[in-house]
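Novice: kindly return the folded structure for what I paste below:
(one chain, ligands or ions: 3)
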Amino acid sequence: MTVALSALSPPLLPPLLALAVAPLGAFVAFDLGRRARTRDGHARNPWLMAAALALGTGVWSAQVLALSAMLAPFDAGFDPGLAIVAALVGLALAAGAMRSWLVAEPTWPGVVTGAALLATGVVAMQATLLASLGLAPRIRWHPGWLGLAWVVALAGFVVTASLLLAPAGRGRFAAPWQLARAAAAAAAVVLVAQTLSTAAARLPLLGVAGGDALVPATSMAAAVAAGGLELLLLMLLGSALERRMHRALEQRTAPAPASFRDPVTGLLTRGPFEGTMAQVLKQAETAGTPAVLLLVGLDSFKHVNDAFGHAAGDAVLEQVARRVRELAPPHRVARLGSDEFLVLIDGAAALEQARTLASRVLDAIARPCHIDHREISVTASVGLAVYPQHGAAPALITHAGVAVRAAKAAGGATYSLFDPRMVADSREQAELLRDLRLAVTQRQLELYYQPKVHAPSGQITGAEALLRWNHPKRGMISPGVFIPLAERCGLIQALGDWVIDEACRQVRVWRDGGLRMRVAINLSAHQLRHRELPERVAAALRRHQINPDLLTCEITESVAMEDTAATEKALADLAAVGVHISIDDFGTGYSSLAYLRKLPAHELKIDRGFVLDLECSAEARKIAGAVVQLALSLNLKIVAEGVENDEQYRILREFGCDQLQGYLFAKPMSAKALALWAMDDVGPRSIAFRESLFKATSALVEA
Ligand code: C2E
Ligand code: MG
Ligand code: MG
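Specialist: Residues are numbered from 1 along each chain as shown. Ligands and ions are numbered 1, 2, ... in the order given. Here you go, the predicted structure:
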């Protein structure tokens, strides 16, 4: 006589546990498996394996628990080998099913294949577990019921898959309630398929073989209930933790909304970048590793706007931003100001990486930008500040700014690491600047005059006006210190205007005292860019009734050779006023002879660097000789500056220089000292003033 095993009445707990463990296994499987949908290649496999393990464990445990409940009234047990085979079969088929279902773009054939694999898994597992019971005589299978179990399971799993996969689009995670719905459906399918496949097995009523090799059903149920549930709960916990970490990471790296982005470059603006920076610095503090802030500033970007217009300027900024972004870590670049960018790096080797990055950024930016069929070249300077040594945000940004200014002061196109001494320097500069603003009104500025000597005769023919700042506390400050400061801070116009007026006033005072002295003034590049410069010079000459012929404007070679329309026009307008134009520090820049010929210049001043080695270096003699020849062939007068000894004097005179200037004749001196020397013949050296300086005084009527 045979009886359907399902007809036996089971105790209550194991079936209840079976009811719980199947949906739990499915839920954990789907929860873990959905991660596989957003990942590619090898990154998917761990998630698929974890999902298969959860699903296989859930189904297998549910089946073992249900069978244990049915077997409880008998002295029955499981063959552990076959029970393990059942688990492995279930795992393998669950893995196949997960691989078919959990893809980024699920297809119907994939869904059906997965469902078929799962259906086969559930039926095969149940059959193997029944076989593991060691019943005698052997089970007779009813193929119709078995087939029905498989078909019902197939249909049920197709529905499960559609519940699981339909709501979530590509890369999106299904909501927990959707997972729970699919898990409940899966559990229901498992239980129905289990019941049907159990019904397919026809066995002798009390034909349990028993024996030592079998694990008693009660022990099996207890072990499975404890082990299976524990495993699934642990996996659920792991999944929840992973989800939290993922969300935290996502929030940290999520692209910022458009309003947080700079419209020109698409980079983060300062506000959101500071938020990211605060988080990164906190992490660095916890990890005990440094972070480095790089401030990338373009050198003289204003000239690009001036020369090519703001639209081209924006296009340059956009290209520069793209180059920086390509080199820097994602979401770690921001636009700070008009032509400044920030990059943040962290990690144990952050400083090394930052140095390498700084060099690469400098190279990348130095590549020409192609805008509207034009090539525009810019260079950048980079300042580096390290957390925590150089402070936390926002001091870090300030200090990176100090470092970038140091890099620019060193000539630009380089990077510099912040040094606390730089702050002391910049504090000193700030104090100096504050004092310099008062210097003009408080009459602390003075022009000193260094005589220029007529080389063939050795007589004084004129003087160069050199600016001095008599600081109330610091004493006499060199123009090499405060002129660049005034240029950087927009004070040079006021200072330059004072020099123009003061030099003309002095010429008038001397002239009224009987000395017709020709005076040279130095003009800065910034003054030259000012359109009103020629008019200001002309106005000063008019104000003090000076013949323009008595004034020379010295412009350094590097400025004069800036081949821009603005420089060319400024020099032409100055020449039109009637003043002489002198190219100062000649030989230190890169002159184009063709351009030099075009300039309305009257004289060249050979730089002191060439005069320095004249008496001891044949090479210096050759260069100086060539420069003199060049000036002569261009019909320009030549002045040598920095003449300090007789040998230099002799050589330069032989070369054919017109005028000489240097400590050998006189150091720069006050106007009063120079006048006394001219009048009383008491000076640093017994040099005569050229007769013409006195003779023409009364006869000349100034313009
Ligand atoms: P510079 O125009 O080339 O002036 C010559 C510099 O060489 C002066 O330095 C002068 O004192 C120095 N010098 C002259 N002869 C000798 C010599 O034999 N040996 C040595 N060692 N030095 C000699 P200073 O007065 O310090 O001026 C430095 C620079 O500052 C000037 O170079 C000029 O470019 C600039 N500068 C001076 N005054 C003004 C000004 O009013 N406006 C502008 N924009 N720049 C000025
Ligand atoms: Mg000069
Ligand atoms: Mg010079």
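
Novice: what parts of the chain come near ligand 2?
Specialist: When proximity is defined by C-beta under 5 Å from the ion, the chain lies next to ligand 2 at 522, 554, 584. C-beta coordinates here come from the backbone N, C-alpha and C atoms, glycine included.

Novice: let's see 8 Å
Specialist: 464, 466, 520, 522, 554, 556, 582, 584-585, 605, 641 (C-beta under 8 Å from the ion).

Novice: ok, and which of those residues reach ligand 1?
Specialist: Here is what survives when the residues of the chain next to ligand 2 are matched to ligand 1 using C-beta under 6 Å from any ligand atom: 466, 522, 554, 584-585, 641.

Novice: for the closest residue to Glu340 other than its chain neighbours, give me phi and psi.
Specialist: Across the structure, with C-beta to C-beta, 6 or more residues apart in numbering as the measure, the residue nearest Glu340 apart from its sequence neighbours is Gly297 (4.8 Å). Its backbone dihedrals place Gly297 at phi -120, psi 130, with angles given as degrees, to the nearest 10.

Novice: give me the number of residues near Gly297?
Specialist: 23 (other C-beta atoms under 10 Å).

Novice: tell me what it is bridged to.
Specialist: Residues found in beta-bridge contact with Gly297 (criterion: DSSP bridges) are Glu340, Ser381.

Novice: got the contact list for it?
Specialist: Gly297 sits next to 339-341, 380-383, 404, 408 when contact means C-beta atoms under 8 Å, 6 or more residues apart in numbering.

Novice: which of these has the largest number of neighbours?
Specialist: Highest neighbour count within the contacts of Gly297, by other C-beta under 10 Å: Ala380, with 29 neighbours.

Novice: and that residue, what is it in contact with?
Specialist: If a contact means C-beta under 8 Å, 6+ apart, then Ala380 has 296-299, 320, 361-362, 365-366, 412-413 as its contacts.

Novice: which bits of this protein sit near ligand 1?
Specialist: On the criterion C-beta under 6 Å from any ligand atom, ligand 1 has as its neighbours in the chain the residues 450, 466-467, 478-480, 483, 499, 522-524, 554, 584-585, 641-644, 661-663, 668.

Novice: next, the buried residues of the helix or strand harbouring Met679.
Specialist: Using DSSP states H and E, the secondary-structure element containing Met679 is helix 671-680. Residues of helix 671-680 classed as buried: 671, 673-675, 677-678 (neighbour count, 16 or more other C-beta atoms under 10 Å).

Novice: which elements pack onto it?
Specialist: Contacting helix 671-680 under the criterion 3 or more C-beta pairs under 8 Å, 6 or more residues apart in numbering; DSSP states H and E are the following elements: strand 445-454, helix 492-512.

Novice: now render those as TSV, adding mean pLDDT.
Specialist: Compiled in TSV, those are given as follows (pLDDT from 0 to 100):
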stretch	mean pLDDT
strand 445-454	96
helix 492-512	95
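
Novice: buried deepest among these, which one?
Specialist: Burial of these is given as mean neighbour count (mean count of other C-beta atoms under 10 Å); strand 445-454 ranks first at a mean of 22.

Novice: so what are the sheet partners of it and their directions?
Specialist: Here strand 445-454 has these sheet partners by DSSP bridges: strand 459-471 (antiparallel), strand 659-661 (antiparallel), strand 669-670 (antiparallel).

Novice: and ligand 3, is the second one touching that?
Specialist: I take that to be strand 659-661. No. For strand 659-661 and ligand 3, the contact criterion (C-beta under 8 Å from the ion) is not met; the two come no nearer than 8.6 Å.

Novice: residue contacts, the closest residue to Gly462 other than its chain neighbours?
Specialist: Distance criterion C-beta to C-beta, 6+ apart; nearest residue to Gly462, sequence neighbours excluded, is Arg518 at 3.4 Å. Under the criterion of C-beta under 8 Å, 6+ apart, the contact partners of Arg518 comprise 452, 461-463, 549-552.

Novice: re the thing from before, quick check: which of the helices and strands packed on helix 671-680 is nearest to Asp372?
Specialist: In this view, the helices and strands packed on helix 671-680 are compared for proximity to Asp372 by C-beta to C-beta, and helix 492-512 is the closest at 32.8 Å.

Novice: contacts for that closest one, please.
Specialist: Applying C-beta under 8 Å, 6+ apart, the set of residues contacting helix 492-512 is 436, 440, 445, 447, 449, 465, 467, 483, 486, 516-517, 519, 521-524, 526-527, 530, 536-537, 540-541, 543-546, 550-551, 671, 675, 697, 702.

Novice: what about these, which are in strands?
Specialist: 445, 447, 449, 465, 467, 519, 521-523, 551 (DSSP state E).

Novice: now render the residues you listed as JSON lines, adding distance to Pro106.
Specialist: Putting the ones in strands among the contacts of helix 492-512 into JSON lines (distance: C-beta to C-beta, whole Å) gives the following:
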{"residue": "Leu445", "distance to Pro106": "82"}
{"residue": "Leu447", "distance to Pro106": "86"}
{"residue": "Tyr449", "distance to Pro106": "90"}
{"residue": "Ala465", "distance to Pro106": "86"}
{"residue": "Leu467", "distance to Pro106": "80"}
{"residue": "Val519", "distance to Pro106": "89"}
{"residue": "Ile521", "distance to Pro106": "83"}
{"residue": "Asn522", "distance to Pro106": "79"}
{"residue": "Leu523", "distance to Pro106": "76"}
{"residue": "Leu551", "distance to Pro106": "87"}
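
Novice: closest to ligand 3 among these?
Specialist: Nearest to ligand 3, judged by C-beta to the ion, of those is Asn522 at 8.1 Å.

Novice: tell me how far the longest helix anywhere in the chain is from the chain's mean position?
Specialist: Across the chain, the helix with the greatest residue count (assigned by DSSP state H) is helix 217-253. Shown here is helix 217-253, whose average C-alpha point lies 41 Å from the average C-alpha point of the whole chain (C-alpha atoms, centre = their mean, to the nearest Å).

Novice: mind giving me the packing neighbours of it?
Specialist: Helix 217-253 sits against helix 13-37, helix 44-71, strand 77-78, with contacts defined as 3+ C-beta pairs under 8 Å, 6+ apart.

Novice: distance-wise, check the closest residue to Thr414 other than its chain neighbours relative to Val382.
Specialist: If the residues on either side of it in the chain are set aside, Thr414 comes closest to Ala407, at 5.1 Å by C-beta to C-beta, 6+ apart. Relative to Val382, Ala407 is positioned 6 Å away (C-beta to C-beta, to the nearest Å).

Novice: do Gly490 as well
Specialist: Gly490 sits at a distance of 25 Å from Val382 (criterion: C-beta to C-beta).
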